[in-house]
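1. make a model of this:
(2 chains)
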Amino acid sequence: MYCTYPTTHVESVTCGSRHSDGAVRYLSWVLVVEIEVDSDPSGSDDEGTQRRPNRRQGAGRGGAKGRGRGKKPPSEDEDEDEEDEAPRGRRPANKKKPAKKHGGGDEDESEDEAPKRKRKGAANRKKGGKAQDSDEEDNDVGKGKKGKKGGGRKGGKEAEDSKGKKGDAKGKDKGKDNDKDKKKKKKDDSSSDSNSDSDEEESLSEGEMARLMEEVEEKKKLIATIRNKPWRMKRRLLNLKEAQGFVDKFEGALGKGKGRKWFAYKVMMKKKWIKFQRDFENFRTACIPWERKIKEVESHFGSSVASYFIFLRWMYGMNLVLFGFTFGLVVIPEVLMGLPYGSIPRKTVPRAEQATAQDYSVLMDFQGYCKYSVLFYGFYNNQRTIGLLKFRLPLSYLMVGIGTFGYSLMVVIRTMAKNADVGGGDGDEGEFTFAWKMFTSWDYLIGNSETADNKYASITTSFKESIVDEQENQKDENIHLRRFLRVMANFLITCSLGGSGYLIYFVVKRSQEFANRTDLSWYEKNELELIMSLLGLVCPPLFETIAEMEDYHPRIALKWQLGRIFALFLGNLYTFLFALFDEVNTKLEEEDSIKNASLWAMKEYYANYTFMINDTDSTPPPMNPADIIRGPCWETAVGIEFVKLTVSDIQVSYLTILIGDFARAVIVRFLNYCWCWDLEAGFPSYGEFDISGNVLGLVFNQGMIWMGAFYAPGLVGINVLRLLSSMYYQCWAVMATNVPHERVFKASKSNNFYMGLLLLILFLSLLPVVYTIMTLPPSFDCGPFSGKAKMFDVIMETIDLDLPAFLGTIFSYAANPGLIIPAVLLMVLAIYYLNSVSEAYQNANMELKKKMQMARDEEKNRRNNTDSTNQVMKDLEDLLPNRSFMPPAPPSKPEKMPELEAKPTKTKPGSAGRGVNLQRDVTLASPNPNARGPVSRPPGPRGAGPAPGAGPGPGRGRGRGPPPR
Amino acid sequence: MGNKQTIFTDEQLDAYQDCTFFTRKEILRLHGRYHELAPHLVPMDYTKDPDCKVPLALIVNMPELKENPFCSRIVEAFSEDGMGNLSFNEFVDMFSVLSEMAPRELKAIYAFKIYDFNVDNYLCKEDLEKTLNRLTKEELTPEEVQLVCEKAIEEADLDGDNKLSFADFENMITRAPDFLSTFHIRI
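-> Numbering: from 1, shown residues only, chains lettered A, B, ... in the order given. Now for the predicted structure:
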């Protein structure tokens, strides 16, 4: 303690002049505390004598400043504190408590008795002198903590003395709060630390323990939530330090006796754990890639464009996991432990193809060596286990195929749920139109002047629109035209959708014809892909042009556009799929004949072999694996189709960016110098980033991956590469060649819209894959499931061979329709139940909202006037039977009525738009009650008759209430 | 790595992480940005808690704030002296509140402070007019501005005093669907 003191001194002196006051105050304190603690054992008399000089010294040191402060500043301090704390809710309570707690159990008492004791002390000791007087005075002025200080010191004869002192020190710390230095604080902590050490010798009672524990918990909570407090950072830091110091100090003290060490250990481990968690969190956020890139895009183009890139990043993360599964559990084991290339027919290029197998054009079509590689289904062997590890490859293949869908479903749904959760505000349109526009329309992310200009313009327009909307609720003469245009737009789009569907169907048919011919030109070979890409290229802009007619808000227009392009792509995709199925079916037939032929050849060979050699051993025929007849292997064919489609999609989209955006930008930029009109502002201009097209491209690409991944495990790898490269490429393209949207709009919750599309696509791509797995027989001579009747037989096999017998029987029971049907029923029931529960919640929600609205109206009205503006309520009041028997309204009421009338019009949010009209209404109607006013007064004595008091007055006043019978 | 240690002590970094929504790296980056603003004013070594402030004019020029019509108000709201001079603590505070992770309630408090131009703890008509003029670059006619301000107050004012108290503002802003997505700055 003593050794730390000088350092504090030096530091507190060196610190800035702002702090010097506090430093001096503090110093005097440290002195007193230290010496008192030191003298504790030496008895009360001694203590008294020793303390006085110290106090003197302290006071003297404080000098003019200290003294001056003695009177006024503390009160000021306190006042300020109070002011500061007033709006901060319950924090002050927490903050003051520690002062109490530090003192331990007796502190309460000492606080209560402080003035008394202090007085006593003063009386006893006449030498108290000036210093004490001043002290007393400032106690009187500033009460509270200061009082404690005096009390603690003077009454301090018992053992609790030191505690009291400590409490003082703390209490004073708190009082000073703002002008304190951290170093001093540390010092203070250390000094009170030693005090607490001495405290611990006197065992804490249960109550104290509990309170301390509570206090520590509270502090911990504070530490956890301090970042949510609306305080200045400095204050936050101070409070944090304080709280941490407190927790550090007392957490260890909470354990008792033997348990103490264990407790301390636990505390330490907890701290370590927290530290680890934080480090981990830091690491995790550091691992999120492209944060800066996206931020840059966001600041240039607003959040809607950035939402695309965030979506892309999310997609990349998901695909990385899928890639990990596929490569870790299927591809790598096959490469490492499976048979090498050329060992069996399915892993060898057939003799006929070998000559061209390495040609570039062949490889680009994924034929030749590509076809007989790990990229595709056909390469995998049907050995049950491979390698030393007895890795069950076929089983793993099937499981990964199913797991891909399972994982994707889970992730998409979880993300959707999370997004919906974050969505927050229920977005009641119409309630706060103007206020929301005013306070939330500026996108704080914008950091680019062009975007900002666009934003200003769009905000101004939107305000003007709302003003117009408010003034004349709806332009009635236009609505028919608009409706007509919308219907027409939809009609046109449906037509073009149908047309594109037919075109694809036509092309697919043609390509099937082509399949039988060999003399195909390049165009004829790639017709299908070309047409599909072209449609994807032409249709979206066409839709956009048509959508111009509809005149929607861009956010709504974006959704329509997305939906339409989605329909287009979906149609294309499914036409493609059906064509593929046709192809698969023909391949299956072909395969049957080949299978028979090869079986026959095999039999022939064996017959001959046994006949010649007279050996029944089935030695394999001495044939090169390349020469063996093999089936068409439809799975690989499907896989190749998907890979080709994906690759051509990548090419097309990259070329589109390069030509449509980059070349255009270059031309516009450089030809502008020598052109007859302004290219930048005029016709070609720069491109805008096409959010809907890009999002859908991404979504459909993902659908393709999901569908093809089962037949081409390498597809996932290709996709990861694609996403990675397009992240950089598109970021560059958008920054270099695009201009912000003319009407910048926010991407409000449209993320979930993307997710919804993704979920739909996932489901749609799940169907064909599951269908093929469940119904089509796998090829007899390629792939991990060859030789089985159905692909999922591999599971049955595993159950039969590897799991104990009883599990097999259990599965066979579970597969019984008698069990499955009730299970399905149960699930349907569960869905029904959950659905109705959620509906009930929704109703309750609506009810609550209504209530809140009512309360709000009520509140508003109470402020405005004492009357209720709720029309229904007034009508009800009007209908009350004993209305007419009620005593007449006091005469003062009618005088109020005109003003009552004027205001309610204001409080109706819904009708606000017709403000002007209403005003006129009111003025027209207002004579009515006034005219009635005199009539309503006289009937008092009669007690009957039409006596609408103040209640019905206004209602009728506005000409809406029913007549008073 | 070595030079990271000299900017802040580990305790300081931990404390900042506890008090803000930033990670260690982000705090160091923030310090870098802060240092960039006024290299001659701001020391690289923050272990001793130097007392220095960067004036409003420099902060407002940050690309993150430059285009914001309320940039000066943002800075003023976060500066302790109300004049817009920010110490590093306040600087960090500002971006912490405006970060993505900050909760709605906290953001609402500071949004209120930002829109409260005359610092009287109420959003009165003049405040709204100023807000609106900054949002639209004064392209609306005075009548339109009047109308919009009146409507906005009318919509959100619960207690009928013709100005928005914090309670009114909070009630309104917590229901706004776009508030969270727009009231944040990435740094």
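
2. check what pLDDT residue 125 gets.
-> The chain I'm using is chain A. Here the pLDDT value assigned to residue A:125 is 45.

3. wait, chain B
-> Reading off the model, residue B:125 has pLDDT 86.

4. what sits closest to it if chain neighbours are left out?
-> Leaving aside its sequence neighbours, residue B:125 sits nearest to residue B:149 (C-beta to C-beta, 6 or more residues apart in numbering or on different chains; 5.4 Å). For glycine as for every other residue, the C-beta is placed from the backbone atoms N, C-alpha and C.

5. go ahead and list the helix or strand containing the one you found.
-> Using DSSP states H and E, residue B:149 maps to helix B:142-156.

6. tell me the helix or strand right after that helix.
-> helix B:166-173.

7. next, the buried residues of stretch A:687-701.
-> Buried residues in stretch A:687-701, counted by 16 or more other C-beta atoms under 10 Å in any protein chain shown: A:687, A:689-701.

8. out of these, which sit inside strands?
-> residue A:687 (DSSP state E).

9. what would the buried residues of stretch A:687-701 look like in CSV with distance to chain B?
-> Output for these, formatted as CSV (distance: C-beta to the nearest C-beta, whole Å):
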residue, distance to chain B
A:687, 23
A:689, 18
A:690, 22
A:691, 16
A:692, 19
A:693, 23
A:694, 20
A:695, 17
A:696, 22
A:697, 24
A:698, 21
A:699, 22
A:700, 27
A:701, 27
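
10. now the buried residues of stretch A:687-701 as JSON lines including pLDDT?
-> Below are these laid out as JSON lines (pLDDT from 0 to 100):
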{"residue": "A:687", "pLDDT": "80"}
{"residue": "A:689", "pLDDT": "84"}
{"residue": "A:690", "pLDDT": "80"}
{"residue": "A:691", "pLDDT": "80"}
{"residue": "A:692", "pLDDT": "77"}
{"residue": "A:693", "pLDDT": "78"}
{"residue": "A:694", "pLDDT": "86"}
{"residue": "A:695", "pLDDT": "84"}
{"residue": "A:696", "pLDDT": "82"}
{"residue": "A:697", "pLDDT": "84"}
{"residue": "A:698", "pLDDT": "88"}
{"residue": "A:699", "pLDDT": "88"}
{"residue": "A:700", "pLDDT": "86"}
{"residue": "A:701", "pLDDT": "89"}
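
11. mind listing what's buried in the helix holding residue B:149?
-> So for helix B:142-156, counting by 16+ other C-beta under 10 Å, buried means B:144-145, B:147-156.

12. mean confidence score for that helix?
-> For helix B:142-156, mean pLDDT is 84.

13. cool, and stretch A:819-829?
-> Taken as a whole, stretch A:819-829 has a mean pLDDT of 92.

14. and the residue sitting nearest the centre point of chain B, what pLDDT?
-> Centroid-nearest residue in chain B: residue B:74, 3.7 Å away (criterion: C-alpha atoms, centre = their mean). On pLDDT, residue B:74 comes in at 87.

15. which non-adjacent residue is nearest it?
-> Closest residue to residue B:74 apart from its sequence neighbours, by C-beta to C-beta, 6+ apart: residue B:114 at 5.4 Å.

16. where does chain B have low pLDDT?
-> Within chain B, the stretches with pLDDT under 70 are B:1-6.

17. residue boundaries of the strands in it?
-> Using DSSP E, strands in chain B cover B:53-54, B:86-87.

18. which residues touch the first one?
-> Going back to what we said before, that points to strand B:53-54. B:34, B:37-38, B:41-42, B:79, B:85-87, B:91 (C-beta atoms under 8 Å, 6 or more residues apart in numbering or on different chains).

19. how about the buried residues of helix B:142-156 in JSON lines, adding distance to residue A:235?
-> Shown next, in JSON lines, are these (distance: C-beta to C-beta, whole Å):
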{"residue": "B:144", "distance to residue A:235": "42"}
{"residue": "B:145", "distance to residue A:235": "38"}
{"residue": "B:147", "distance to residue A:235": "42"}
{"residue": "B:148", "distance to residue A:235": "37"}
{"residue": "B:149", "distance to residue A:235": "35"}
{"residue": "B:150", "distance to residue A:235": "38"}
{"residue": "B:151", "distance to residue A:235": "38"}
{"residue": "B:152", "distance to residue A:235": "33"}
{"residue": "B:153", "distance to residue A:235": "33"}
{"residue": "B:154", "distance to residue A:235": "37"}
{"residue": "B:155", "distance to residue A:235": "35"}
{"residue": "B:156", "distance to residue A:235": "30"}
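
20. quick check: the farthest pair among those?
-> B:144 and B:156 (18.6 Å; C-beta to C-beta).

21. which stretches in chain B count as helices?
-> Ranges of helices in chain B, per DSSP state H, are B:2-7, B:10-19, B:24-37, B:56-60, B:63-66, B:71-78, B:88-97, B:104-115, B:125-136, B:142-156, B:166-173, B:179-182.

22. just those helices: most buried one?
-> Comparing the helices of chain B by mean neighbour count (mean count of other C-beta atoms under 10 Å in any protein chain shown), helix B:88-97 comes out on top with a mean of 24.

23. any idea how far it is from the chain center?
-> 8 Å (C-alpha atoms, centre = their mean, to the nearest Å).

24. quick one: is that helix near chain A?
-> Yes. Using C-beta under 8 Å from any C-beta of the partner chain, helix B:88-97 comes into contact with chain A via B:89-90, B:92-93, B:96.

25. of these, closest to residue A:762?
-> Using C-beta to C-beta, residue B:96 comes nearest to residue A:762 of the residues of helix B:88-97 next to chain A, at 37.7 Å.

26. contact partners for that closest one?
-> Here residue B:96 is in contact with A:227, B:19-22, B:102 (C-beta under 8 Å, 6+ apart).

27. ok, now residue A:366?
-> A:375-376, A:640, A:643-644.

28. next, give phi and psi for it.
-> phi 60, psi 30 (degrees, to the nearest 10).

29. against chain A, how distant is residue B:31?
-> Using C-beta to the nearest C-beta, to the nearest Å, residue B:31 is found at 13 Å from chain A.

30. still on that earlier bit, would you mind listing which of the contacts of strand B:53-54 are buried?
-> Buried among the contacts of strand B:53-54 (16+ other C-beta under 10 Å): B:34, B:37, B:42, B:79, B:85-87, B:91.

31. in the host helix or strand of residue A:765, what counts as buried?
-> Taking DSSP H and E as the criterion, residue A:765 maps to helix A:750-775. Neighbour-count burial for helix A:750-775, counted by 16+ other C-beta under 10 Å, picks out A:750-759, A:761-762, A:764-766, A:768-769, A:772-773.
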